[in-house]
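J.: What would the 3D arrangement of this be:
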Amino acid sequence: MDKYKAIPQGYMTVGEAAKKMDVTVRTLQHYDRTGLLSPSTMSEGGRRLYTDKDMVKLHQILSLKRLGFSLDDIKNRLISLDTPAEIADVLEKQAVAVRQKIESLSESLRELEGLREEVLQMQSVNFKKYADIIVNLQMENDFYWLIKHFDDQTLDHIRSRFDKDSGRVFMDTFIQLQNEAIRLQNAGVPGDSDEGQSFAKAYWDMIMDFTDGDMSMLPKLIELGRFEGTDPKWKEKQNLANRYVEQALGFYFSQSGIDPFQEGGE
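T.: Numbering: from 1, shown residues only. Model (predicted):
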């Protein structure tokens, strides 16, 4: 009957520890077998005995498990809990992991909500467009919603022309030039001035980069600012920028002898 002797003060049985931390006895037995969390001692009768320190360590394990770490990962993350500094270090690392998880979940939620909104606005099921929207959401491209307006030919071109990195660079260039057009418009800089024509060349180079010289895509690009259901702020900004872009490009084409629409029809 030795196994039923009184438990020493400061220790608890596996059943008591399991109840205290709201886990099963089987879970603690498994953690013991795998070397993740062994009891501080064994009773004379062979019973597993745990301490409050073990409970702190168990809390660490359970927290990391909820964050999605595997038991092997957790085992590598556990460190000694013998000094306040060590305990504080463990808690700080867990706090960092929690913050990262929150950020990751928040990003996943943003992507889910964004995709759901686009799916509801599309008139038919199109998994290719869904996939493109997901990629652009992951890139944090604020113009992901434009994808639903592109036809398959334009999207095929974009997929073949750009990857994540080059796509991000292109969008950065587009945004910079759009902002520059608004600045020049507000500053009253003439489109046929040296500054205006320098802008026009940069803008035309961007268009040529996007189309890869295929002028048949120009009418589709012009329609970008006329889509129904587009974000009002984006549309207002686009219209403002386009006033200057059209003026500056008009002078640029006349000076350079370029007729983009004639080229597109050849």
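J.: what about the closest residue to Thr24 other than its chain neighbours, how many neighbours?
T.: Sequence neighbours aside, Ala18 is the residue nearest to Thr24 in space, at 6.0 Å (criterion: Cβ to Cβ, 6 or more residues apart in numbering). Yep, even glycine has a C-beta here, placed from its N, CA and C like the rest. Using other Cβ atoms under 10 Å, Ala18 has 19 other residues around it.
J.: can you tell me which residues contact Ala18?
T.: Each residue near Ala18 by Cβ atoms under 8 Å, 6 or more residues apart in numbering is listed here: Thr24, Val25, Thr27, Leu28.
J.: Turn these into TSV, columns for distance to Gly46, secondary structure and neighbour count.
T.: Formatted as TSV, these follow (distance: Cβ to Cβ, whole Å; DSSP: H, G, I helix; E, B strand; the rest coil; neighbours: other Cβ atoms under 10 Å):
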residue	distance to Gly46	secondary structure	neighbour count
Thr24	20	coil	12
Val25	15	helix	15
Thr27	19	helix	17
Leu28	15	helix	23
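J.: Adding distance to Gly188, write the residues you listed out as a markdown table.
T.: Shown next, in a markdown table, are these (distance: Cβ to Cβ, whole Å):
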| residue | distance to Gly188 |
| --- | --- |
| Thr24 | 74 |
| Val25 | 79 |
| Thr27 | 72 |
| Leu28 | 75 |
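J.: still on that earlier bit, I'd guess the residue nearest to Thr24 is in a strand, am I close?
T.: No - counting by DSSP: H, G, I helix; E, B strand; the rest coil, Ala18 is not found in a strand; it is helix.
J.: Check the gap between it and Leu58 for me.
T.: Distance, Ala18 to Leu58, by Cβ to Cβ, to the nearest Å: 9 Å.
J.: Quick check: neighbours shared by those two?
T.: Going by Cβ under 8 Å, 6+ apart, residues that sit against Ala18 and also against Leu58 are Leu28.
J.: Could you chop this structure up by domain?
T.: 2-77, 79-139, 162-265 (automatic domain parsing).
J.: For the second one, what does the pLDDT average out to?
T.: Per-residue pLDDT values across domain 79-139 average out to 78.
J.: again, but for the longest one
T.: For domain 162-265, mean pLDDT rounds to 81.
J.: Please compute how far it lies from its chain's middle.
T.: Relative to the mean C-alpha coordinate of its chain, domain 162-265 is positioned 28 Å out (Cα atoms, centre = their mean, to the nearest Å).
J.: State the number of residues packed around Gly250.
T.: 13.
J.: So it: helix, strand or coil?
T.: Quick answer, by three-state DSSP: Gly250 is helix.
J.: And the helices in the stretch 51-200 of the chain?
T.: 52-66, 71-77, 84-121, 127-138, 152-161, 164-187, 194-211 (DSSP state H, counting those that start in this stretch).
J.: Return the backbone torsion pair for Arg48.
T.: Main-chain torsions, Arg48, degrees, to the nearest 10: phi -70, psi 130.
J.: Contacts only, for the residue nearest to it when sequence neighbours are not counted.
T.: Of all residues beyond its chain neighbours, the one nearest Arg48 is Pro39 (4.0 Å), with distances taken as Cβ to Cβ, 6+ apart. By Cβ under 8 Å, 6+ apart, the contact set of Pro39 is Val14, Asp32, Arg48, Leu49, Tyr50, Asp54.
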